[in-house]
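Undergrad: Here is the input, now give the coordinates:
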Amino acid sequence: MKRILTYLAMAAMAVLAITSCNEEKKRKALLPNISGKAGEVVVVIDKGAWEGAIGTVIRDTLAADCPFLPQREPLYTLVDLAPSGFNSVFQVHRNLILVNISSSVTEPGVVYRQNVWAAPQCVIGINAPDTETAVALFKENSQKIKTTLEQAERDRVIANAKKYEELALAPVVTEVAGGSPHFPSGYKLRKKTSDFVWIAYSPQYVQQNILVMKYPVVEGEDMMSRESLIANINTELEENVPGSFENTYMTISPAVIPSVKYMKYKGLDFAEVRGLWDVHNDFMGGPFVAHAFYSKDGKDMIVILAFVYAPRYDKRHYLRQVESVLYSFEWAKEEDK
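TA: Got it, this is the predicted structure:
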């Protein structure tokens, strides 16, 4: 056991060595592809520790309910694995958390590494001399751990979207928004007006949709407030996303108050609006997330809203996929306009 724990500690720290960017690219190219399902995390940990305090805090953090879904689903699907079973099959998993609790640990801490055994891989190592220290480390770093896993999942979707992109869609969206996300293969244009675009990916029984809307800034109004965002988004939805029957249309569900967070990602300041949508006078619904920001000239509000309709399936994975597309937004270069 001591040999295994030492191995895990060394593995978690293995890529601490400083390498050049070119060396890292060459090394990554030689690695095998990752395995495992999206949203799955393998936790390498002693059985006793998994059933104890550190296992509890890991589950409470990473398997907590994913917010704003119609049914209960965990943030991540956790798979616990004893160190003795951590062989080449599991080493190539997409998301790994290596928990090393040993009295031989002299430098407790949490390490974050990419592409240790496979690519694109996320590896998080927790090294502690005792359970109490391990629990404290995890709690202190819980937000960064969640953010690191979320970013890893997001980056994989974006990389795939850029590699297999529906190139014809970006110019259409740019006409409205001044820029565009990268839409993966399979997304199709469903509707286009001077200030609204609807793009959808609709395999059997699942719909992943992205709406791009533009409306003018009103002088004296706080355009980034919850009230303004919800009211303006609902106006756009009523006008542009009809239901299947007369007097039915998409709307933000009034049953659950949406969350609004103010964020910055790759230089873009935006409000994230997250909640549930439904159809007025009908029974359709599901989760949505939107990014709202000012146009480059400050005269308009741009909202890019992703929503999922998948009545037969869990929705966490589908929403995470389409939300990742939002994060790929880039302002158009002058020559692309």
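Undergrad: Please enumerate the helices of the chain.
TA: 2-13, 21-30, 47-50, 53-62, 88-91, 131-140, 142-163, 169-177, 226-240, 316-326 (DSSP state H).
Undergrad: Same list as before, those helices that is, but in JSON lines and with distance to Tyr309, mean pLDDT and mean neighbour count included.
TA: All C-beta spots, glycine's among them, are computed from the backbone N, C-alpha and C. Formatted as JSON lines, the helices of the chain follow (distance: least, Cβ to Cβ, whole Å; pLDDT from 0 to 100; neighbours: other Cβ atoms under 10 Å):
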{"stretch": "helix 2-13", "distance to Tyr309": "41", "mean pLDDT": "48", "mean neighbour count": "17"}
{"stretch": "helix 21-30", "distance to Tyr309": "37", "mean pLDDT": "69", "mean neighbour count": "10"}
{"stretch": "helix 47-50", "distance to Tyr309": "37", "mean pLDDT": "97", "mean neighbour count": "16"}
{"stretch": "helix 53-62", "distance to Tyr309": "27", "mean pLDDT": "98", "mean neighbour count": "18"}
{"stretch": "helix 88-91", "distance to Tyr309": "35", "mean pLDDT": "95", "mean neighbour count": "13"}
{"stretch": "helix 131-140", "distance to Tyr309": "36", "mean pLDDT": "98", "mean neighbour count": "17"}
{"stretch": "helix 142-163", "distance to Tyr309": "19", "mean pLDDT": "97", "mean neighbour count": "16"}
{"stretch": "helix 169-177", "distance to Tyr309": "20", "mean pLDDT": "98", "mean neighbour count": "19"}
{"stretch": "helix 226-240", "distance to Tyr309": "14", "mean pLDDT": "97", "mean neighbour count": "17"}
{"stretch": "helix 316-326", "distance to Tyr309": "9", "mean pLDDT": "97", "mean neighbour count": "22"}
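Undergrad: so which of these gets nearest Gln207?
TA: helix 316-326 (8.8 Å; Cβ to Cβ).
Undergrad: can you give me the offset of the closest one from its chain's centre?
TA: Centre-to-centre, helix 316-326 and its host chain are 6 Å apart (Cα atoms, centre = their mean, to the nearest Å).
Undergrad: Kindly report the same for stretch 282-299.
TA: Taking Cα atoms, centre = their mean, one finds the center of stretch 282-299 at 16 Å from the center of the full chain.
Undergrad: Could you list the domains of this structure?
TA: 2-162, 166-336 (automatic domain parsing).
Undergrad: thinking again about what came up before, what would the helices of the chain look like in TSV with distance to Arg72?
TA: Listed next are the helices of the chain as TSV, based on distance: least, Cβ to Cβ, whole Å:
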stretch	distance to Arg72
helix 2-13	32
helix 21-30	37
helix 47-50	22
helix 53-62	14
helix 88-91	27
helix 131-140	23
helix 142-163	18
helix 169-177	34
helix 226-240	25
helix 316-326	10
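Undergrad: Which of the ones you listed sits closest to Val105?
TA: Closest among the helices of the chain, using Cβ to Cβ: helix 2-13, at 6.9 Å.
Undergrad: ok so, going back, nearest to Phe283, out of the helices of the chain?
TA: Nearest of these (Cβ to Cβ): helix 226-240, 16.7 Å.
Undergrad: List of residues touching the closest one?
TA: Contacts with helix 226-240, where a contact means Cβ atoms under 8 Å, 6 or more residues apart in numbering, come from 191, 193, 196, 198, 211, 213, 215, 221-223, 249-252, 258, 260, 271, 273, 277, 280, 290, 292, 301, 303, 305.
Undergrad: Show me the beta-bridge partners of the spatially closest residue to Val89 that is not a sequence neighbour.
TA: Spatial nearest neighbour of Val89, excluding adjacent residues (Cβ to Cβ, 6 or more residues apart in numbering): Ser35 at 7.7 Å. Beta-bridge pairing of Ser35 under DSSP bridges involves His93.
Undergrad: wait, isn't Ser35 in contact with Arg94?
TA: Yes - with contact defined as Cβ atoms under 8 Å, Ser35 reaches Arg94; the gap is 6.8 Å.
Undergrad: higher neighbour count, the two?
TA: Arg94 (24 against 15; other Cβ atoms under 10 Å).
Undergrad: Give the buried subset of the contacts of helix 226-240 as a ChimeraX selection command.
TA: Selecting the buried subset of these in ChimeraX, with 16 or more other Cβ atoms under 10 Å as the burial test, is done by:
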select :196,198,211,213,215,223,249,250,251,252,258,260,271,273,277,280,290,292,301,303,305
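Undergrad: Out of the contacts of helix 226-240, list just those in strands.
TA: Among those, the ones falling in strands (DSSP state E) are 191, 196, 198, 211, 213, 215, 250-252, 260, 271, 273, 277, 290, 292, 301, 303, 305.
Undergrad: and for stretch 324-337, what are the contacting residues?
TA: Counting by Cβ under 8 Å, 6+ apart, 153-154, 157-158, 161-162, 170-171, 174, 177-184, 210, 265, 268, 289-291, 296, 304, 306 sit against stretch 324-337.
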